[in-house]
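Visitor: heads up, no residue letters with this:
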Ligand SMILES: [Zn+2]
């Protein structure tokens, strides 16, 4: 668990001016405080909101963050809206405008020029799954501030259903998968996301464990479609070099006792179609101990089509985070980004909630990312914050 934002800013040596800035931003952000944990909430709602907390922060909630803005306007390529929730009567309510207003407030306060939204990676057969159709009207209202990726609510469940069933992927399934992917691109998706090949459950009751080989035939097909249509793939995947026992802090079930390797098959996916731009989501958020800068550098060197979106969040392994408490950016991260300046983007992975949604869990962690950018040398900040996302996702404006 990290210290509060004021302590973090002070320890970074920002001093009095920063504190005054924080007070102004606190008013501007006006982020509702998270409500206390409630064991009885609905699974669908929780899944749409993402994990509430990680293994390292089971018992505590964070205060709303009041950070300094980044030094440059930037693009944040991986976020979600919590704008859809089931009612007690079994129906569903939506409030995308309300959730977007909350996101816009945070964006304006932090200097985020444009945000890419996407559905989380849903499991097969999930009743409250949603995809791009839900938030498209909002995107069309604010194309200046939002873009989107899609497939987390449709393509991802198809992959996992096929992986669970095992055996050959037949022609009919391939065709259905391809038609849906094409449809999402026609809608304006800048990529396919959020997809997952290995997703740990942070909460046995409500947050799913999902695993499918990264070189599953449908992932390979997705790479071919992405290459052909010149869009990106956003992939959530825990780093596992060799089979390992379930990392400490996670519960089995629903997680398995032994976790199968992901990296060898991930390299086969990357090599399958070098024209497919694959963004490995949540770099800096290591939950296995294997996602070191050494691993990232190895893969980046071998696969020019690999990119990484940086997520800075307090529940992951502290030794592999890009920001070290009281020290600013870790030297190994600075060196890696300098060595591969065209391969990193920012994806904070927040859930911006409608004020009407029964749960108000965020955003609470967006500020660390803004701080990270402000600590990068200006030339790297410009690339990571702006040039790279424009190029990788083909953002026109
Ligand atoms: Zn994710």
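Guide: Structure's in. What do you need? Fair warning: this is a prediction, and the values are worked out from it, not measured in the lab. Numbering: from 1, shown residues only.
Visitor: So which residues of the stretch 101-250 of the chain form strands?
Guide: Remark: strands assigned in the stretch 101-250 of the chain by DSSP state E, counting those that start in this stretch are 112-117, 146-148, 150-151, 191-199, 210-211, 232-237, 244-245.
Visitor: Rebuild those as JSON lines, extending it with mean neighbour count.
Guide: Bear in mind the C-beta positions are built from the backbone N, C-alpha and C, glycine included. Below are the strands of the stretch 101-250 of the chain laid out as JSON lines (neighbours: other C-beta atoms under 10 Å):
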{"stretch": "strand 112-117", "mean neighbour count": "24"}
{"stretch": "strand 146-148", "mean neighbour count": "23"}
{"stretch": "strand 150-151", "mean neighbour count": "30"}
{"stretch": "strand 191-199", "mean neighbour count": "27"}
{"stretch": "strand 210-211", "mean neighbour count": "22"}
{"stretch": "strand 232-237", "mean neighbour count": "26"}
{"stretch": "strand 244-245", "mean neighbour count": "12"}
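Visitor: Out of the ones you listed, the one nearest residue 348 is which?
Guide: strand 112-117 (8.8 Å; C-beta to C-beta).
Visitor: contact partners of that closest one?
Guide: Applying C-beta atoms under 8 Å, 6 or more residues apart in numbering, the contact partners of strand 112-117 are 70, 73-81, 103, 106-107, 135, 139, 144-149, 190-191, 347, 370, 386, 389, 393, 395, 397.
Visitor: Same question for stretch 125-139.
Guide: With C-beta under 8 Å, 6+ apart as the test, stretch 125-139 has contacts from 44-45, 47-48, 81, 83-84, 86, 92, 94, 96-97, 100, 117, 119, 122, 146-148, 150-154, 157, 161, 184, 187-189, 208.
Visitor: Of the contacts of strand 112-117, keep whichever come out buried.
Guide: The neighbour count (16 or more other C-beta atoms under 10 Å) marks 70, 74-81, 103, 106-107, 135, 139, 145-149, 190-191, 347, 370, 386, 389, 393, 395 as buried among these.
Visitor: What about these, which are in helices?
Guide: Counted as lying in helices by DSSP state H, out of the buried ones among the contacts of strand 112-117, are 103, 106-107, 135, 139, 370, 389, 393.
Visitor: ok so, going back, mind checking the strands of the stretch 101-250 of the chain for the one nearest to residue 291?
Guide: Residue 291 lies closest, by C-beta to C-beta, to one member of those: strand 232-237, at 9.5 Å.
Visitor: Okay, now the sheet partners of that closest one, with direction.
Guide: Within its sheet, strand 232-237 is paired with strand 191-199 (parallel), strand 277-283 (parallel), according to DSSP bridges.
Visitor: Quick one: those as a markdown table, columns for mean pLDDT and distance to residue 325 too.
Guide: Converted to a markdown table, the strands paired with strand 232-237 look like this (pLDDT from 0 to 100; distance: least, C-beta to C-beta, whole Å):
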| stretch | mean pLDDT | distance to residue 325 |
| --- | --- | --- |
| strand 191-199 | 97 | 27 |
| strand 277-283 | 97 | 19 |
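Visitor: Turn the ones you listed into CSV, columns for distance to residue 329.
Guide: Listed next are the strands paired with strand 232-237 as CSV, based on distance: least, C-beta to C-beta, whole Å:
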stretch, distance to residue 329
strand 191-199, 26
strand 277-283, 13
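Visitor: And the contacts of the longest helix anywhere in the chain?
Guide: Counting residues, the longest helix in the chain under DSSP H turns out to be helix 171-187. For helix 171-187, the surrounding residues in contact (C-beta under 8 Å, 6+ apart) are 131-133, 136, 150-151, 154-155, 158-159, 162, 192, 217-218, 221-222, 225, 229, 231.
Visitor: Please repeat the previous calculation with a cut-off of 6 Å.
Guide: Contacts to helix 171-187, defined as C-beta atoms under 6 Å, 6 or more residues apart in numbering, come from residues 132, 150-151, 154, 158, 218, 225, 229, 231.
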